[in-house]
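[1] below are the sequence and a predicted model for it; my questions follow.
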Amino acid sequence: MSTEAPTLYQFPISHYCEKARWSLDAKGVSYRLKNVIPGIHILVLKRIAGTRTVPVLVDGPTTITDSTAIAVYLDRTYPGPRLVPEGEAERARALELDGYFNRMAGESVRRWLYGELLKEGSGNAAAAMFAAYPAPVRAIGKLLAPRIEKELRRMYRINEDSVDQGRKDVLEAAQRLEDETGGDPARYLVGSSMTLADITAASTLAAIVSPPESPYASEPGSISRAVAEVRRSIRERPAGKWVMERYRRDRPSARS
Ligand SMILES: N[C@@H](CCC(=O)N[C@@H](CS)C(=O)NCC(=O)O)C(=O)O
């Protein structure tokens, strides 16, 4: 543990960064946020962490480069409620669910949301990525939009089939959430209190459900019509109610 507050390098829109912010908040750790600029982020992150993805947590001499690793590090280093339970079986279950929602909801939500925005016209996906930055940075985003959107398609393997599969996978993740919680919005995924599994499921699905306490409430940029339709139906389902409830009850101090 360093005497200076740790710094979280992030994209405000990224759900993996929301997961890291939530983990820090749940542990009661104060931290500074540094927004890196999409496109230019690769240079910055390579230098400080040897990676190209956010979130990155820098805590004194320690640099951690993955949202799950950040949660594990916080448990090891800071007091406060455990994010990953200590008991063997519960720990294994929390990490399995974290991995599942990271992949099945995290990657699919991203592919589907960006894919639908790209379908609706050029510039929309880049505008969503830059929506939370100050005006001069948004102007850079507008200039870089064609290159950024080309890179988005390449990086997240966005094409017609994968976007459609993304939507199906999001719905499958919503179904698993309902199966695991018995459709009860009050129930946690592991044991009787919040763990990393809940943080991961709620933060990766938040961009679809758009809880008022989440960074996705004010809809950075815009969402596509196709996603807006699913948002309406998922909010009526236990999975949507569960995500809303996690934010309402367990995410009082959200920053973005
Ligand atoms: N497994 C990583 C995934 C992080 C990730 O994919 N971050 C994306 C933003 S959502 C990113 O930084 N993309 C930029 C790039 O790959 O250049 C984690 O959980 O932290």
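    Cool, got the structure. Numbers count the residues shown, from 1 in each chain.
[2] residues in contact with the strand or helix carrying Thr63?
    Counting by DSSP states H and E, the element that carries Thr63 is strand 62-64. Under the contact criterion Cβ atoms under 8 Å, 6 or more residues apart in numbering, strand 62-64 has outside partners 2, 48-49, 56-57, 70, 73. In this view, the C-beta of every residue, glycine as well, is placed from N, C-alpha and C.
[3] now do that strand: distance to the chain's middle.
    With Cα atoms, centre = their mean, to the nearest Å as the basis, strand 62-64 stands 19 Å off its chain's centre.
[4] can you give me the buried ones in that strand?
    Residues 63-64 are the ones in strand 62-64 that count as buried (16 or more other Cβ atoms under 10 Å).
[5] what's the answer for stretch 88-102, then?
    90-91, 93-95, 97-98, 100-102.
[6] do stretch 126-137 as well
    Residues of stretch 126-137 classed as buried by neighbour count (16+ other Cβ under 10 Å): 126-133.
[7] what's the answer for stretch 35-47, then?
    Going by neighbour count (16+ other Cβ under 10 Å), the buried part of stretch 35-47 is 35-39, 41, 44-45.
[8] show me how far stretch 15-25 is from its chain's centre.
    The answer for stretch 15-25 is 7 Å, by Cα atoms, centre = their mean.
[9] may I see the buried residues of stretch 126-137 organised as CSV, with distance to the ligand and secondary structure added?
    Below are the buried residues of stretch 126-137 laid out as CSV (distance: Cβ to the nearest ligand atom, whole Å; DSSP: H, G, I helix; E, B strand; the rest coil):
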residue, distance to the ligand, secondary structure
Ala126, 13, helix
Ala127, 16, helix
Ala128, 12, helix
Met129, 9, helix
Phe130, 13, helix
Ala131, 15, coil
Ala132, 13, coil
Tyr133, 15, coil
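[10] out of the residues you listed, the closest to Gln165 would be?
    Lowest distance from Gln165 to the buried residues of stretch 126-137 (Cβ to Cβ) belongs to Ala128, with 20.8 Å.
[11] correct me, but that closest one touches Leu117?
    Yes. With contacts counted by Cβ atoms under 8 Å, Ala128 reaches Leu117, the gap being 6.1 Å.
[12] OK, contacts around Gly50?
    Gly50 touches Thr65, counting by Cβ under 8 Å, 6+ apart.
[13] correct me, but Ile148 touches Ile40?
    No. Applying Cβ under 8 Å as the test, Ile148 and Ile40 come out as separate, 10.5 Å apart.
[14] and Lys150, how close does it get to Leu189?
    37 Å (Cβ to Cβ, to the nearest Å).
[15] between these two, who's got more neighbours?
    The residue with more neighbours, out of Lys150 and Leu189, is Leu189; 24 against 12, by other Cβ atoms under 10 Å.
[16] what about the residue in the stretch 101-250 of the chain that the ligand sits nearest to, neighbour count?
    Nearest residue of the stretch 101-250 of the chain to the ligand, counting by Cβ to the nearest ligand atom: Met155, 5.3 Å away. Using other Cβ under 10 Å, Met155 has 13 other residues around it.
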